[in-house]
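A.B. asks: quick one, what's the 3D model for this:
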Amino acid sequence: MGGTAPAPPKAPPDGAGGESALQTLPIDLQLNIMSFLSPQDLCRLGSTSCYWRAAVQDPLLWRYFLLRDLPSWTSVDWKSLPDEEIFNKAFSEVSDNELYDYMAAYKRSCPEGRRSLKSIRPRYGTVTSFLQSLVTQAEPRFAMFGPGLEELDNSLVQKMMTCPEILLVAGLPQRQIHGIGSGVSFQFNNNQKFNIVTLYSTTSVERRRAREEQAVAVNKMFYQENSTVGNQQAMHYSVIAQVRKACAVVDGFIYVANAEAHRAHDRQEELARISAMIDPALGPPNRPLLVLSCVSDIGVERIPCVYVAHQLQLNLLHQPWMMQDTVATTLDGLLNGIEWLLEEANCKSAQ
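C.D. replies: Okay, here's the model as predicted:
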């Protein structure tokens, strides 16, 4: 841990105020010792005295915790994504008057903090389920797309279709979207049904050939339009007519990102295609977006989801989004993402 952080209040002389032996140590040594505590234990230490309440809020300490723990977190959302400057700016470059509140960022972003915020939300789910039991309502429908559907060695969709102990297939609906198909209905936790319309970039034959040749298949869902921002050419996509019809009727979106570290990724192009799909002109505004940060198998090295969120610049989007680490072969993380998506869709329909 390098850099210079503001010191906590000076400890009173030996024997005054009943200070502990730890307080008499140099500040740098105190910080080094506290860095071995968990953030939860650090907060408990801060509740013991005014001295430790100030000491445990040291920004250098919480920046260390944030950078250390972020790669292990399996999800992040539009409310909790830390600013990218945390990663790019050295602590020594920041003046005392511009110190970032790393402690607040950690509490807002960490899984425990997000769970506590969720627990104090109004319980829309119970009310919505009761109201749905009184009226016949179409199951929510989500459009799923993205390179993670097609580039991975194991198929996420195939696993979803053949793993009833995790996600039960509830049937193939008769309703059709012209040129796309009707999708598949699933049942979440033996309760709410929902429909996923899977949108592939090209035919199965072309996808298989591209995987065999380790090439990139031409994406037929989008067409590129030239646009200029200032003096630079900007990448802008629009969706074809059939996809436009699908976007008009869905309640949200699932984007499957390829998070495998050994592959090359064009995140700027991915963002342009996400923006084309969720364009407010194609349907109701503020529809939720679930991003599955997916790898083929547990043993595959992944890019941490917070880094993928920054690469995709999800902070530029204007609707609720969540990114969830997912594994295609085991469906790890999938249900957490689906639960969030259903909650967001239900809250929106109840408004």
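A.B. asks: what residues are up against the closest residue to Glu301 other than its chain neighbours?
C.D. replies: Using C-beta to C-beta, 6 or more residues apart in numbering and skipping the chain neighbours, the partner closest in space to Glu301 is Ala261 (4.3 Å). (Each C-beta comes from the backbone N, C-alpha and C, glycine too.) Ala261 makes contacts with 300-303, as judged by C-beta atoms under 8 Å, 6 or more residues apart in numbering.
A.B. asks: just the pLDDT at Leu168, thanks.
C.D. replies: Looking at Leu168, its pLDDT reads 92.
A.B. asks: can you pull up the bridge partners for it?
C.D. replies: Listed by DSSP bridges, the beta-bridge partners for Leu168 are Gln187.
A.B. asks: that one: what's it in contact with?
C.D. replies: 186-187, 190.
A.B. asks: any buried residues in the strand or helix carrying Arg211, and which?
C.D. replies: Using DSSP states H and E, Arg211 sits in helix 204-212. Residues 207, 210 are the ones in helix 204-212 that count as buried (16 or more other C-beta atoms under 10 Å).
A.B. asks: starting at the chain centroid, how far to it?
C.D. replies: Here helix 204-212 is found 29 Å from its chain centre; the criterion is C-alpha atoms, centre = their mean, to the nearest Å.
A.B. asks: quick one on the thing from earlier: now, of the contacts of Ala261, which are buried?
C.D. replies: 300, 302-303.
A.B. asks: would CSV of the residues you listed with pLDDT and distance to Tyr64 be doable?
C.D. replies: Formatted as CSV, the buried ones among the contacts of Ala261 follow (pLDDT from 0 to 100; distance: C-beta to C-beta, whole Å):
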residue, pLDDT, distance to Tyr64
Val300, 96, 28
Arg302, 97, 23
Ile303, 97, 22
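A.B. asks: so which of those is the closest to Pro111?
C.D. replies: Nearest to Pro111 among these is Arg302, at 16.9 Å by C-beta to C-beta.
A.B. asks: right, and that closest one touches Glu260 too?
C.D. replies: Yes: judged on C-beta atoms under 8 Å, Arg302 makes contact with Glu260 at a distance of 6.5 Å.
A.B. asks: shared neighbours, those two?
C.D. replies: Val295.
A.B. asks: now the strands for the stretch 101-250 of the chain?
C.D. replies: Here the stretch 101-250 of the chain has its strands, by DSSP state E, counting those that start in this stretch, at 141-145, 168-171, 184-188, 192-198, 222-229, 232-239.
A.B. asks: would you mind finding the most buried of the ones you listed?
C.D. replies: Among the strands of the stretch 101-250 of the chain, ranked by average contacts under mean count of other C-beta atoms under 10 Å, first place goes to strand 141-145 (a mean of 24).
A.B. asks: the longest helix along the chain packs against which elements?
C.D. replies: Determined from DSSP state H, the single longest helix within the chain is helix 334-350. The contact analysis (3 or more C-beta pairs under 8 Å, 6 or more residues apart in numbering; DSSP states H and E) places helix 334-350 against strand 75-77, helix 124-134, strand 184-188, strand 192-198, strand 252-258, strand 289-295, strand 321-327.
A.B. asks: now the last one, how far from the centre of its chain.
C.D. replies: Between the mean C-alpha point of strand 321-327 and the mean C-alpha point of its chain there is a distance of 5 Å (C-alpha atoms, centre = their mean).
A.B. asks: by how many degrees do that strand and strand 289-295 diverge?
C.D. replies: 20 degrees (axes from the mean of the first three to the mean of the last three C-alpha atoms, to 10 degrees).
A.B. asks: residues contacting strand 321-327, please?
C.D. replies: Contacts to strand 321-327, defined as C-beta under 8 Å, 6+ apart, come from residues 74-78, 156, 256-257, 259, 288-298, 302, 305, 308-309, 314, 332-334, 336-337, 340-341.
A.B. asks: so where's the protein uncertain?
C.D. replies: Across the chain, the ranges flagged by pLDDT under 70 are 1-18, 89-99, 117-137, 173-182, 226-234, 348-351.
A.B. asks: go ahead and confirm Asp69 touches Cys110.
C.D. replies: Yes: Asp69 is in contact with Cys110 according to C-beta under 8 Å; the separation is 6.8 Å.
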